[in-house]
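Trainee: Test case, fold it:
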Amino acid sequence: MTKYLLSYHGGDQPSSKEEGERTMKAWMDWMGSLGKALVEAGNPTSPGKVIGAGGKVSDGGGANAVTGWSVIEAKSLDEAVKLAKGCPQIKANGTIEVSEVVPVM
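Mentor: Residues are numbered from 1 along each chain as shown. Alright, predicted model coming up:
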């Protein structure tokens, strides 16, 4: 099996405590549905800094900042995309970038 990084971008924040609880339940349900494919649940991320050419640093994480991540295992990129399509990130108007983790050692 190959590992895939799910990078979450954007997404609406819950507007109430109740919506936050429903959102958390949706995430937990989706992660539970992944079973053994879920390698690491990951976490949300805070706004970052981008280091560019010449060492220039800018705030905010760039044009499409990462807002969270997870790692899954799948037989192929297409299978990983299929697993990611059930993620609540999409219903929250966010996007998910799915990329293979390429081992270097």
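Trainee: residue ranges for the helices of the chain, please.
Mentor: Per DSSP state H, the chain carries helices over the ranges 17-34, 77-84, 88-91.
Trainee: confidence score at the nearest residue to residue 37 once chain neighbours are set aside?
Mentor: Nearest non-adjacent residue to residue 37, counting by CB to CB, 6 or more residues apart in numbering: residue 72, 4.9 Å away. C-betas here are computed from N, CA, C, even on glycine. On pLDDT, residue 72 comes in at 98.
Trainee: right, and residue 72 touches residue 39 too?
Mentor: Yes. The pair residue 72 / residue 39 is scored as a contact, 6.0 Å apart, by CB atoms under 8 Å.
Trainee: Overlap of the contact sets of the two?
Mentor: Residues touching both residue 72 and residue 39 by CB atoms under 8 Å, 6 or more residues apart in numbering: residue 3.
Trainee: Tell me which residue of this protein is furthest from the middle?
Mentor: residue 54 (29.1 Å; CA atoms, centre = their mean).
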